[in-house]
Structure formats: structure tokens, C-alpha cells
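**Student:** Next comes the sequence, and after it the predicted model I'd like to discuss.
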Amino acid sequence: MSVAQAVTIGATVVQVKQQSAIGKYNQQVANRNATIAEQEAGQIDKQAEFDIARFDQRFRQSVGTVEVALAKSGVVIDSGSGARVTEANNLEKEMQNKITRYNADVSMANKMEEARFSRIQGQMARQQARLANISTVAKAGTSLLSMGSFNKPSPQGQFGSTANNSTFSNYS
């Protein structure tokens, strides 16, 4: 084995290891990004629960204020306009809670999709590193084969083959 062949093999081994390390690192980064996106989805859910609870608290305070005002003005809360106001308020509360929950669900779904896509990117980075390894090994193999052909003696002389030439066959 020549020095050039040894250098080619050594450089190939180093390059393959580096490509593998880069692929693994990129996959780890993508997986970390996916984990963060999943955590953010959980935070969105918790924030929605908090927002709904806070709205319900404010709503109860508001309902209490309205009921006191209606009672002071002599309106019966259980019937007529008092009942309609109470019903409208309850419908408004339900609608607000559903809107908050819907927005949170959409945001969570987006974050989970982001996490899935990030994991896919990580797998692709790892596969690209593997393909780069194959390419590097193939190039090194081709290079080694071509180096080997220069070191072999040629069966032909300087002026070509004399095997089929009767004139030169006696002088070979």
C-alpha cells in the first residue's frame, strides 16, 4: 500500500466519522426543538385553563354586580327581563369559554405539528449524513482503485502490443 492510499483511507475514515457526528448532532437539535414545541403546547393548554378560570371569576363578579343593580331597581331576577339578562350572560360566558378553548386547541395543534416536523427534519439530517458517508466511501474506493491502476506494470510496451505482430515478436 502506498502512502497516498494510506492517506486516502485515513482521510476517509475521519470524514465518515465527522459526517456521522454532524448527522447525530443535527438530529439531537431537531429532537430538542420538538420537545420544546411539545412543552409549549402544554403551556398553551395551561394558559387556556388559567384564562378560562380568570374569566369565570370576573364573570361571577360581574353577575353579582348586575344582580345587585337589578334587585335595587326592583327587577325580579327569576322572570322577565332579569331572566333574559341572566340567560344572555350565561350564553356569553359559554361562548367566551369555547372561543378561548378553541384558540388554545388550534395553537396546541400547531405546536404539535411543529414538533412532528422537527423530528422529521432530524431523521432527514441523520439520513443525509448516512448518504454522505456512502458517497465518501464510494469516492475513496474509486480513488484507491485509480491509484492502484497506475502502479501496475502495463502488459504493453512503449509502442503498444507486439503480441500479434510477427515482425516484432522476435525482438520482444
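**Tutor:** All right, it came through fine.
**Student:** which secondary structure elements does the helix or strand hosting Ala104 contact?
**Tutor:** Assigned by DSSP states H and E, Ala104 belongs to helix 80-151. Counting contacts by 3 or more Cβ pairs under 8 Å, 6 or more residues apart in numbering; DSSP states H and E, helix 80-151 packs against helix 3-72. Every C-beta, even on glycine, is put in place using the N, C-alpha and C of the backbone.
**Student:** Just the angle for the helix it packs on relative to helix 80-151, thanks.
**Tutor:** 180 degrees (axes from the mean of the first three to the mean of the last three Cα atoms, to 10 degrees).
**Student:** Run through the neighbouring helices and strands of helix 3-72.
**Tutor:** helix 80-151.
**Student:** what's the spacing between Thr35 and Ala125?
**Tutor:** 16 Å (Cβ to Cβ, to the nearest Å).
**Student:** Give me the more crowded residue out of these two.
**Tutor:** Ala125 (19 against 13; other Cβ atoms under 10 Å).
**Student:** hang on, isn't the more buried one packed against Ala30?
**Tutor:** Yes: counting by Cβ atoms under 8 Å, Ala125 touches Ala30, with 6.4 Å between them.
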